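Student: sequence and predicted structure are below.
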Amino acid sequence: QPTFTLDVRGGIGATDVKVSGFTTLAQDLQVGTSGSVFYVSDSNNNVGVGTSVPNPIYTLDVRSPVSTGQTALYVYGDMRVTGDINLDDITLDHVNATSLRVSGFSTFVGSVDIDGRTELDTTNISETLNVVGVTTLSSAGGITTTGGDLYVGGDLYVLDDVVYDE
């Protein structure tokens, strides 16, 4: 006895199938060989794009071949992340940050504007800057200037002449 308007028992082969309206699938949705293009898992509610893994591992699992010049994920517009982001490499062309902690060896090339003023020809620090570890200033032989007091809480080693006004 048929239980639907079209009730087929067994496999179906079809081309150019169009579905409109709400569609419910009782099992996983796989597009491409074994879901290699797009995979929606009914068992763990995960979605895979470009993955040949039988079940996507993450809520949204996007994978792309690893080679120079390919983009695995492109977001046009704003993106908000409320959890952690773990990155191997990052390139940013503009950053506005309310709290930024940099640990480890860091090299800044070009101007660094810390106080938010629009003059980007100098490094501006309007609040406290704490530097822990080895700090090299003007290692290329330039001049480092401070407009206020300089406090050294430990030994001060000077390689060359010391000149003072008083």
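Tutor: Structure's in. What do you need?

Student: quick one: the strands in this structure, in order.
Tutor: For the chain, the strands defined by DSSP state E cover 29-31, 38-40, 47-49, 60-62.

Student: who touches the third one?
Tutor: Which is strand 47-49. The contact list for strand 47-49, computed with Cβ atoms under 8 Å, 6 or more residues apart in numbering, reads 35, 37-41, 55-56, 59-63. For every residue, glycine as well, the C-beta is placed using N, CA and C.

Student: quick one: strands adjacent to it?
Tutor: strand 38-40 (antiparallel), strand 60-62 (parallel) (DSSP bridges).

Student: out of the ones you listed, which one sits most buried?
Tutor: strand 38-40 (a mean of 18; mean count of other Cβ atoms under 10 Å).

Student: which positions are bridged to residue 47 in the beta structure?
Tutor: When assigned by DSSP bridges, residue 47 has beta-bridge partners residue 40, residue 60.

Student: thinking again about what came up before, which of the strands paired with strand 47-49 sits closest to residue 11?
Tutor: strand 38-40 (20.0 Å; Cβ to Cβ).

Student: list of residues touching that closest one?
Tutor: 25, 28-32, 46-49, 51, 53-56.

Student: of the residues you listed, which count as buried by neighbour count?
Tutor: 28, 30, 46, 47, 48, 49, 51, 56 (16 or more other Cβ atoms under 10 Å).

Student: least confident of those residues?
Tutor: On pLDDT alone, residue 51 ranks lowest of the buried ones among the contacts of strand 38-40, at 72.

Student: surely that residue touches residue 60?
Tutor: No. Counting by Cβ atoms under 8 Å, residue 51 stays clear of residue 60, with 10.5 Å between them.

Student: quick revisit: among the strands of the chain, which is nearest residue 101?
Tutor: strand 60-62 (27.5 Å).

Student: what sits up against the closest one?
Tutor: Residues from elsewhere that reach strand 60-62 (Cβ under 8 Å, 6+ apart): 46, 47, 48, 49, 50, 51, 53, 72, 73.
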